[in-house]
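Asker: Sequence isn't available, so here's the structure alone:
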């Protein structure tokens, strides 16, 4: 074989092995006969990963179902026949299905691998490395280039998870999710749409877009149809009862007598609003206590023009104050199919505190090897997994972080992440959205993590999206937001606490914005479009960031803060955060029922 062909073979083999795909020599030879095999192998990997029949073995049947007509046509030209003597050779000249040749060449492949085929990353000069079929007893070295596909769990350094040779557990695990094609769509994603110059006008356009969107949402309320702008209200020289106005809060404080004073503004001016503390007004007082600046409110009350002359300052005595909120009768979408979605975040791979033991138990669960029949039934319904930020711990995220890292290279952190994720069954669709520890900008919204970091994840079928984002899975809409502003909300509103993240999530839903307060610890990028407005009511709202697992409901919206897979660090301790690692929440898409979170700290 000449040098050019040898290089092509080595490239194709590396791509397939790094993607966890098993291949026989005849299939490899066939790929090398194609025009531009380096390009064709990328297409084969991409399409095969989304074929529900694909189990990690690249067979003739998988190739037949590709969309590329050139590959299919070339395959048809191959004569699918061979005699017994050919089957005994390591390089049969014709292609048969893997089931036909597997038994005849298995012993030969096993011998070759043990004697000749060293790992690619250790010996790049090897000409024809061949990956062993799944049913052999070989265990690949613990490097990503030798990992199996996601239908097999790789050997771990610890004894927590033993290698699993197939998707079937010893208990006859037959996941119902495997029977369904993925129905996945991205409804909202800021990736590729974030542009800013950092000048004053960018901040102005962001604020204006936020105001207009929230004002439009408020006007949809049944009690906010008849409103006046602030400039027209201030022109009144007489008392006006039952006046309505929509405005954004510029300032809010409690007076020494216990009343609440608000300064609200619209595009025409600003006006003061007083909420009296009397007993008949307690609902409004309680709402005011949960209100902060930069939120949109609807006020109904009596306008008093105040004194005479140009210095006259009018005031509204509020009878009603409302946030945008969502209707009590909101009806969420559900799936027609009995499937589930698992919601994760904050794995922090690369950190010394990453709980790999708990992750391994999670993998056992997904593969039907954890717990009893009830656990296997729950696991068998999981069709989607969302990783909502901080997949890796990152580098240089906070001062002296290197002391907390076991993997100090960001690329190797992602390599390790791909290794760990490869243990998830291949029929499960994985969606990854970035957080503040991932290698994207710290300000929200964030684009998807760049391909230069995530290529190995993409090769095993992980879908990378921005944050926040809205995804549709089997008819159910999920708002995915890492949750950077949760800590700000907990500091600003009395009664909210970091160990009860669902309560902060409810406040986001009520004001229909993911970071309503501008200028605190939460960094918000100055762009012309506000991606943080909750335009449409989600069926599921998913956050992370505070490392505390929590679930709940608000007006039929399902709320999940997914917790973490990281033990407490000194940095988290400085925020008073006591994490709950290894607790995973799942939602049934056909009922939106919150499955009882499974705690993988418990051995079963």
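Answerer: Great, that's in hand. Here the structure is a predicted model, which means the values were calculated and not measured.

Asker: buried sites along the helix ranked longest in the chain?
Answerer: Secondary structure of the chain per DSSP state H: the longest helix is helix 200-219. Along helix 200-219, these residues count as buried under the neighbour rule (16 or more other C-beta atoms under 10 Å): 202, 205, 206, 209, 210, 211, 213, 214, 215, 217, 218. The C-beta positions use only the backbone N, C-alpha and C, and glycine is treated the same way.

Asker: Sort out which one of these lies nearest residue 509 for me.
Answerer: Using C-beta to C-beta, residue 217 comes nearest to residue 509 of the buried residues of helix 200-219, at 11.9 Å.

Asker: Name the helix or strand for the nearest residue to that closest one once chain neighbours are set aside, please.
Answerer: Leaving aside its chain neighbours, residue 217 sits nearest to residue 324 (4.9 Å; criterion: C-beta to C-beta, 6 or more residues apart in numbering). Under the criterion DSSP states H and E, no helix or strand holds residue 324.

Asker: what's the pLDDT at residue 422?
Answerer: pLDDT, residue 422: 96.

Asker: so how many other residues sit close to it?
Answerer: 26 (other C-beta atoms under 10 Å).

Asker: Wasn't residue 418 part of a helix?
Answerer: Yes. Checked against DSSP: H, G, I helix; E, B strand; the rest coil, residue 418 lies within a helix.

Asker: For it, give me the pLDDT.
Answerer: Residue 418 carries a pLDDT value of 97.

Asker: what about the spatially closest residue to it that is not a sequence neighbour, neighbour count?
Answerer: Distances taken as C-beta to C-beta, 6+ apart place residue 456 nearest to residue 418, at 3.8 Å, with adjacent residues excluded. Neighbours of residue 456 under the rule other C-beta under 10 Å: 23.

Asker: give me phi/psi at residue 456?
Answerer: In terms of degrees, to the nearest 10, the main-chain angles of residue 456 are phi -70, psi -30.

Asker: Is it correct that it is in contact with residue 413?
Answerer: No. The criterion here is C-beta atoms under 8 Å, and residue 456 misses it with residue 413 at 11.1 Å.

Asker: quick one: strands adjacent to the lengthiest strand in the chain?
Answerer: Identified as the longest strand of the chain according to DSSP state E is strand 240-254. Counting by DSSP bridges, the strands paired with strand 240-254 are strand 260-266 (antiparallel), strand 296-304 (antiparallel).

Asker: Comparing those strands, which stretch has the densest surroundings?
Answerer: Of those, the one with the most neighbours on average (mean count of other C-beta atoms under 10 Å) is strand 296-304, at a mean of 21.

Asker: Pull the distance from that one to the chain's centre.
Answerer: Strand 296-304 sits 40 Å away from the centroid of its parent chain (C-alpha atoms, centre = their mean, to the nearest Å).

Asker: cool, and stretch 384-404?
Answerer: 14 Å.

Asker: Would you reformat the buried residues of helix 200-219 as JSON lines and include distance to residue 351 and pLDDT?
Answerer: Formatted as JSON lines, these follow (distance: C-beta to C-beta, whole Å; pLDDT from 0 to 100):
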{"residue": "202", "distance to residue 351": "35", "pLDDT": "89"}
{"residue": "205", "distance to residue 351": "38", "pLDDT": "93"}
{"residue": "206", "distance to residue 351": "33", "pLDDT": "93"}
{"residue": "209", "distance to residue 351": "37", "pLDDT": "96"}
{"residue": "210", "distance to residue 351": "35", "pLDDT": "96"}
{"residue": "211", "distance to residue 351": "40", "pLDDT": "96"}
{"residue": "213", "distance to residue 351": "37", "pLDDT": "97"}
{"residue": "214", "distance to residue 351": "38", "pLDDT": "97"}
{"residue": "215", "distance to residue 351": "43", "pLDDT": "96"}
{"residue": "217", "distance to residue 351": "39", "pLDDT": "96"}
{"residue": "218", "distance to residue 351": "43", "pLDDT": "95"}
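
Asker: before we move on, back to that, how about the strands paired with strand 240-254 in CSV, adding mean pLDDT?
Answerer: Compiled in CSV, the strands paired with strand 240-254 are given as follows (pLDDT from 0 to 100):
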stretch, mean pLDDT
strand 260-266, 95
strand 296-304, 95
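
Asker: Next, format these as a markdown table and append distance to residue 372.
Answerer: Shown next, in a markdown table, are the strands paired with strand 240-254 (distance: least, C-beta to C-beta, whole Å):
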| stretch | distance to residue 372 |
| --- | --- |
| strand 260-266 | 54 |
| strand 296-304 | 49 |
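
Asker: and of those strands, who's closest to residue 285?
Answerer: Taking the strands paired with strand 240-254 one by one with C-beta to C-beta, strand 260-266 is closest: 6.6 Å.

Asker: Just the residues contacting the closest one, thanks.
Answerer: 211, 215, 229-230, 245-255, 270-275, 277, 285, 288-289, 291, 297, 299, 318 (C-beta atoms under 8 Å, 6 or more residues apart in numbering).

Asker: List buried members of the residues you listed by neighbour count.
Answerer: If you count burial by 16+ other C-beta under 10 Å, the buried members of these come out as 211, 215, 230, 245-249, 252, 271, 273-275, 277, 285, 288, 291, 297, 299, 318.

Asker: how about low-confidence regions in the protein?
Answerer: 1-4, 17-20, 46, 49-56, 76-171, 307-312 (pLDDT under 70).

Asker: where along the stretch 251-400 of the chain do the strands fall?
Answerer: Counting by DSSP state E, counting those that start in this stretch, the stretch 251-400 of the chain has strands at residues 260-266, 269-275, 296-304, 315-322, 340-344, 382-388.

Asker: Would you mind putting those strands into CSV with distance to residue 480 alongside?
Answerer: Listed next are these as CSV, based on distance: least, C-beta to C-beta, whole Å:
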stretch, distance to residue 480
strand 260-266, 31
strand 269-275, 35
strand 296-304, 23
strand 315-322, 28
strand 340-344, 9
strand 382-388, 5
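
Asker: and of those, who's closest to residue 241?
Answerer: strand 296-304 (4.9 Å).
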